[in-house]
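Participant: coords please:
(one chain, ligands or ions: 1)
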Amino acid sequence: MPSKNKDQMILSASYLVPVSSPPLKNGAVLVEDGRIKDTGTSDIIKKKYPEIPVRNFPESILMPGLVNCHTHLEYSALGPLTKHVDFVPWIKGLIQKQKALSKAEILLSIRKTVKSLISAGVTSVGEVSRSGLSLDELIKSGIKGVYFNEFVAVDDNRLKKAICDHEANFRQCKLKLKRPDLKPGVFPHSPYTLSTKSLKYISSYYKKNKISCGMHAAESPFENEFIFKGSGPLADFVKTFQLESIPISGKWRGTTEYLNGLKFTDPLNHLVHCVHLNRKDFALLAKTKTGIVLCPRSNYLLKNGEFPLRSALKYDLKMGIGTDSLASNYSLDMFEEIRMLKNIYGSSLINERLVRIATLGGAEVLGSEKETGSLLPGKKADLIVVKINTRPVKNLSPVDHIVSKAVANDVCFTMIDGLIRFDK
Ligand SMILES: [Zn+2]
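Facilitator: Numbering: from 1, shown residues only. Okay, here's the model as predicted:
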């Protein structure tokens, strides 16, 4: 059970990493009624508010909660994935294996995984669900973000029924979601599992209703071939759905151009993976303010290639990080994802940017940056404390520590909306 919401509390640590401003040595945050009221050095904050109780965290970093922009909690029982597998057989197997699980098994694994997300410092998620089974557990946990209802295997003939079913799910979801900080969204699975007409309809329908949409895009090396020519391993995979009109209509040179043609590129929307994109694609996504979500470890395990980080960073892109599900990852540790991106980049020059991407950047992708993602007075008190368990190396800044050394197990305190949700 979460602790009682304390009206006022000062949290202080050896380092404060607010993300929206430079790190501070011996920093503190004043939390009042679930929001950040003030930040500064511990000395100044304690002097300014002498009557307020202080919780001190020695040898620790106080920072915003992590934003995991892409999860599928309902696949938790299928993991963890600990070895490389080929993408197309993997996705085929995923559907079969999920069908073999009982509802009780799925629910149990969701409960366990939500708990582990909070103890790993995650305060917001972009959760994608086909079954809706993860909704209750997320509501209970206090985690915020967007709950994306997934559309998959929709051809022209099935579109009407899919929208009807979806609207029924969506209404249910809205009834349960009484908090404005966990909003419903929509997730058409991918450019190869929905027909052109379906994607176009879904894009415009939800845009009109200002509902945010996400989609897996440019994940595997086979997607462009499917979009160019309608052939390749993904075309074979699609046949297993027995759909009539998935082969896309129109002439497109790749995923981004295709989705832009269907008006899916939009400030409310985001694309997940984006491994096989080039500079022209990134320029288009920056221009349309479409978010992108990077899942580097899932890409690695499914042999999908490496996200072109150096190229992407040249554009003003809204960028967040996701772990994807345990079916394609060996853990949901966001610090490991950050570290993988640093290794892809090949230098620690990027560390500050990576910590921003894992927090405020993710909040921008999910449309919640005004309320969360950094420790700025006025924002919600969504924050974590990371223990420095290794002897600090001389000149290693707190940001370098987060990127190079921290792991999920180092998180010792998670607060969401001023409520303590984890305290080790
Ligand atoms: Zn996914």
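Participant: Let me see the domain layout of this structure.
Facilitator: Listed by automatic domain parsing, the domain ranges of the chain are 8-64+374-423, 66-365.
Participant: Worst mean pLDDT among the ones you listed?
Facilitator: Among these, domain 66-365 carries the lowest mean pLDDT, a mean of 91.
Participant: how far out from the middle of the chain is that one?
Facilitator: The chain centroid and the centroid of domain 66-365 are separated by 9 Å under CA atoms, centre = their mean, to the nearest Å.
Participant: what's the span of it from first residue to last?
Facilitator: Length of domain 66-365, first residue to last, CA to CA, to the nearest Å: 13 Å.
Participant: now the domains of the chain as a markdown table including mean neighbour count?
Facilitator: C-beta: built from backbone N, CA, C; applies to glycine. As requested, these are exported to a markdown table (neighbours: other CB atoms under 10 Å):
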| stretch | mean neighbour count |
| --- | --- |
| domain 8-64+374-423 | 19 |
| domain 66-365 | 20 |
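Participant: How much space separates Tyr205 from Tyr315?
Facilitator: 29 Å (CB to CB, to the nearest Å).
Participant: ugh, wrong one, Ser119
Facilitator: 35 Å.
Participant: do the same with Gly34
Facilitator: Computed as CB to CB, the Gly34 to Tyr315 distance reads 35 Å.
Participant: Determine the longest strand present in this protein.
Facilitator: Ranked by residue count and defined by DSSP state E, the top strand of the chain is strand 54-64.
Participant: Strand partners (parallel or antiparallel) of that one?
Facilitator: Strand 54-64 pairs in its sheet with strand 8-16 (parallel), strand 383-387 (antiparallel), by DSSP bridges.
Participant: Among those strands, which comes closest to Glu306?
Facilitator: Glu306 sits nearest to strand 383-387 of all those, at 26.7 Å, using CB to CB.
Participant: right, and the helix or strand after the closest one?
Facilitator: Sequence order places helix 398-404 as the next helix or strand after strand 383-387, per DSSP states H and E.
Participant: helices or strands up against that next one?
Facilitator: Helices and strands touching helix 398-404, by 3 or more CB pairs under 8 Å, 6 or more residues apart in numbering; DSSP states H and E, are strand 54-64, helix 334-345, helix 351-356.
Participant: what's in contact with the longest one?
Facilitator: Contacts to helix 334-345, defined as CB atoms under 8 Å, 6 or more residues apart in numbering, come from residues 66, 68, 120-122, 294-297, 300, 306-307, 309-310, 313, 321-323, 348, 350-351, 354-355, 357-358, 402-404, 406-408, 410.
Participant: now do stretch 263-270
Facilitator: So stretch 263-270 is contacted by 69, 126, 199-200, 203-204, 207, 210-215, 256, 259, 284-285, 288-293, 318, 320, 365, 367 (CB under 8 Å, 6+ apart).
Participant: Just the CA atoms of that stretch, as PDB, please.
Facilitator: Extracted in PDB, the C-alpha atoms of stretch 263-270 (Å, rounded to 0.1, in the frame of the first residue of the first chain):
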ATOM      1  CA  LYS A 263      -1.600  11.400 -42.300                       C
ATOM      2  CA  PHE A 264      -0.300   9.200 -39.400                       C
ATOM      3  CA  THR A 265       2.600  11.600 -38.800                       C
ATOM      4  CA  ASP A 266       1.300  14.000 -36.300                       C
ATOM      5  CA  PRO A 267       2.300  15.700 -33.000                       C
ATOM      6  CA  LEU A 268      -0.100  13.500 -31.100                       C
ATOM      7  CA  ASN A 269       1.400  10.300 -32.500                       C
ATOM      8  CA  HIS A 270       4.600   8.300 -32.200                       C
END
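Participant: For the strands paired with strand 54-64, give me TSV that also has distance to Arg179.
Facilitator: As requested, the strands paired with strand 54-64 are exported to TSV (distance: least, CB to CB, whole Å):
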stretch	distance to Arg179
strand 8-16	22
strand 383-387	18
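Participant: Which of those strands sits closest to Leu138?
Facilitator: Proximity to Leu138 (CB to CB) singles out strand 383-387 among the strands paired with strand 54-64, at 17.8 Å.
Participant: angle of the closest one against helix 334-345?
Facilitator: 80 degrees (axes from the mean of the first three to the mean of the last three CA atoms, to 10 degrees).
Participant: can you pull out the helices in the stretch 251-400 of the chain?
Facilitator: Using DSSP state H, counting those that start in this stretch, the helices of the stretch 251-400 of the chain run over 255-261, 279-287, 296-301, 309-312, 334-345, 351-356, 362-365, 398-404.
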